[in-house]
Every structure is written in structure tokens, then in C-alpha cells.
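>>> need a structure here:
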Amino acid sequence: MRKPLVVLALALALAGCSGEAGPTPKGAGSATTPEALATKLRVYTADTCYTAPAKQTPKGCEKYVTELGSSTGMVREQAGTKHPELNRLADQLDKNVGAYRGAHCETVMTAGTPCSATLSDLANTLRDLKQFVDTQLVNG
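Here you go, the predicted structure:
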């Protein structure tokens, strides 16, 4: 009785190791609708790094800045030929993210430094971007 169980267990284990383990999971991808972009921007503008950038320690805003930097592609996708202003705003966002990273603001533990000014610049660009998306892209 033991031998058939061992053979069955071995067969099941080997079946799980085959190259045909099932369908390959597909990545969620990025939703590139105006509404999806508006939702992302709404989330970013709820962050304290946006609402009070001068009071934040720049190091504490590293994830926020990374998220902003990863959204520029989505902004550019929405620009197309109808909304070239979005490309200018995406460029400005890239520039501000680059300034944060170039100054190594992710290591700065004190508010009120030049990195705080960079966070304020990011917040201003995000404000302009959100306003454009809300008025021209989603509701326009």
C-alpha cells in the first residue's frame, strides 16, 4: 500500500515541475484613461508631501517622488496631439523629480533646506497638472 502512495506523490510532485505549469500571469499594466490619471493625481494631492512640502523632511517624501516620477509616462500617453500642454507638464515633473534625486534629497533629514524648495516645485507642478487634467481632459 505504501509503494502506490509514494509513486502517486512523486508523480504529483513532478507534474508541478513541468514547463506547462499553467497560464503565464499577465501584468496589470497601467490604466491610461483620463479618469485613471485623474484618480492617481487625486491620491498624490492628498499626500502631506503635496499639501505641506516645506514642513516635510525630504527623506520622508522619497516614495511620493518616486510615484510622481513613474506617472509621467501615463501623462504623456494622454497628451497625444490634442493636449500638447500635458507634455510640457510631464517634462516639468521629470525635471523636478530629477532635481530631487540629483540633490540626493532622499538622504536629507531636515525640513527647510533647498530640498524643501524642490518639493514645493513638485507640488506646484502637480497642482498645475491636476488642474489641467480635471478641467481639460476629464471634464473638457
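
>>> so which strand or helix has the spatially most central residue of the chain?
Compute the mean C-alpha point of the chain, and by CA atoms, centre = their mean the closest residue is residue 67, 3.2 Å away. Using DSSP states H and E, residue 67 sits within helix 62-79.

>>> Which SSE is immediately downstream of that helix?
Counting by DSSP H and E, the next helix or strand C-terminal to helix 62-79 is helix 85-102.

>>> what comes into contact with that next one?
Applying CB atoms under 8 Å, 6 or more residues apart in numbering, the contact partners of helix 85-102 are 58, 61, 65, 68-69, 71-72, 75-76, 78-79, 106, 115, 118-119, 121-122, 125-126, 128-129, 132-133, 136-137. From N, CA and C alone the C-beta is placed, and that goes for glycine too.

>>> what's the burial count for residue 130?
19 (other CB atoms under 10 Å).

>>> My guess is it contacts residue 45. True?
Yes: Residue 130 is within contact range of residue 45, at 5.8 Å (criterion: CB atoms under 8 Å).

>>> residues touching residue 71, list them.
Taking CB under 8 Å, 6+ apart, we find residue 71 in contact with 37, 40-41, 44, 93.

>>> Going C-terminal from the least confident helix or strand in the chain by mean pLDDT, what's the next secondary structure element?
Least confident element among the helices and strands of the chain, by mean pLDDT, DSSP states H and E: helix 2-16 (a mean of 47). Under the assignment DSSP H and E, the closest C-terminal helix or strand after helix 2-16 is helix 34-44.
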